[in-house]
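# Sequence plus predicted model, see below.
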Amino acid sequence: MSRIARSLTSAAMAFVALPLTTLAAAPPVGIVQNFGPNLLADCPNPEGIAIDPSGNLYAASFPAFQAVRTLSANICVISPAGALIDKISVPPGPAGVTNLLGELFEPGQGLYVVDFANGTPGFGRLLRVDPATHSITTLATRFAAANAIAQDRHRNLFVSDSFEGNIVKVAPDGSSSSVWVSSALLAPQGFPPFGANGVAFDRDQKNMYVANTSNDTIVRIPILDDGSAATPVVFAAGSDAMGALDGADGILFDADGNLFVCANQANEIQVLAPDGTLVARYKGLGANALDFPASLVFKGRDLYITNLSLFDGGVHSKLSVMVAPNPGLPLRP
């Protein structure tokens, strides 16, 4: 079924919550709006997103499909008022090209970002960036397709590798890294060839949740008392007929345990209840429409989203924002 047909079918479903009106006052819950400038010239195809305590947003560029591009890629810094206030250039590593994906900002530590590089095993990197000085430290290498980042209460970093179908655990200082879990449920299955993608811990860090983009599933990985991974299980599976979880990408929990999912092929933010049931879907209208939503971050109830704009040359390289029903689950344990 085509993307247009799926979208029309989805809109007809009774349970689907697609906001259709706006009010004169503050934006109501679920209304998706553009935020800040178009980023095509400075950070084409923004994929990763992070936020600092001051409310500045960091959008990481994945310019792999730009016809004309430099070897470096940028991180654009957007103020709470929506102004582009800084641009951090990330030079390439051994691959000779930089393509940035997932990000995570941790106070006192800095901005973490992964470099997909050229998608060749061994060249992907996990980097730490100092936003003030723009200095860059390489914490881990040898990824095939480093994609998203989460951090536990011990400050260990967990990076999804989409081509290898695993989650790599990296020590806070980068002194060690190893595969934390590998599973067929996390491996790429068909097209697109991206398996393990977005990662998120639940409130008590009893489970890690991982989006598998290739087969439209969310996988739950129970965490044992010693910190090791138990057997992964499917938490939620998508439906082509309804466009559910179509292109599951970045994920984050709200404070009530609902999981917000970037469905990049459906061009929607979809919400799973704690039992895995799809309970809401949000998409912008007209000029505010989402275009390949890839990553998301909460600031209270404000949910910010990157638009990768992958299939149209990056013309809609932008951030979006919507008010969620509940605040986001804090990323910092």
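Okay, I see it.

# where are the low-confidence patches of the chain?
1-26, 332-333 (pLDDT under 70).

# Now do the helices in it.
Per DSSP state H, the chain carries helices over the ranges 3-12.

# Now do residue 68: how many residues are near it, please.
Neighbours of residue 68 under the rule other C-beta atoms under 10 Å: 5. C-beta here means a position set from N, CA and C on the backbone, and glycine is covered the same way.

# Same question for residue 56.
16.

# Can you give me the distance of it to residue 302?
13 Å (C-beta to C-beta, to the nearest Å).

# What of residue 219?
Taking C-beta to C-beta, one finds residue 219 at 28 Å from residue 302.

# now do residue 323
Taken as C-beta to C-beta, the span from residue 323 to residue 302 is 6 Å.

# Then residue 252?
Distance from residue 252 to residue 302, by C-beta to C-beta: 12 Å.

# what does residue 329 give?
With C-beta to C-beta as the criterion, residue 329 and residue 302 are 14 Å apart.

# Likewise for residue 258?
16 Å.

# what's in contact with stretch 134-145?
Stretch 134-145 has contacts (C-beta atoms under 8 Å, 6 or more residues apart in numbering) with 88-91, 93, 112, 114, 116, 119-130, 157, 159, 161-164, 168, 170, 173-174, 177, 194.

# Now do the strands in the stretch 1-150 of the chain.
Assigned by DSSP state E, counting those that start in this stretch, the stretch 1-150 of the chain shows strands spanning 33-35, 46-51, 57-61, 73-78, 84-90, 100-106, 110-115, 124-129, 136-143, 146-151.

# hey, C-alpha coordinates of the third one in PDB?
So that's strand 57-61. The C-alpha trace of strand 57-61 is given here as PDB (Å, rounded to 0.1, in the frame of the first residue of the first chain):
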ATOM      1  CA  LEU A  57      18.200  22.600  21.100                       C
ATOM      2  CA  TYR A  58      20.900  20.700  19.300                       C
ATOM      3  CA  ALA A  59      20.000  19.400  15.800                       C
ATOM      4  CA  ALA A  60      22.500  17.000  14.200                       C
ATOM      5  CA  SER A  61      22.900  16.900  10.400                       C
END
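
# thinking in terms of the whole chain, how far from its middle is it?
11 Å (C-alpha atoms, centre = their mean, to the nearest Å).

# For the closest residue to residue 208 other than its chain neighbours, give its distance to residue 256.
Closest residue to residue 208 apart from its sequence neighbours, by C-beta to C-beta, 6 or more residues apart in numbering: residue 221 at 4.5 Å. Distance of residue 221 to residue 256, computed by C-beta to C-beta: 21 Å.

# Counting neighbours, what do you get for the residue nearest to residue 59 when sequence neighbours are not counted?
The shortest distance from residue 59 to any non-neighbouring residue, by C-beta to C-beta, 6+ apart, is to residue 46 (4.0 Å). Neighbourhood size, residue 46 [other C-beta under 10 Å]: 32.

# Would you confirm that residue 46 contacts residue 308?
Yes. With contacts counted by C-beta atoms under 8 Å, residue 46 reaches residue 308, the gap being 6.8 Å.

# which residues do these two both contact?
Common neighbours of residue 46 and residue 308 (C-beta under 8 Å, 6+ apart) are 62, 294, 317.

# and which of those is nearest residue 283?
residue 294 (14.5 Å; C-beta to C-beta).
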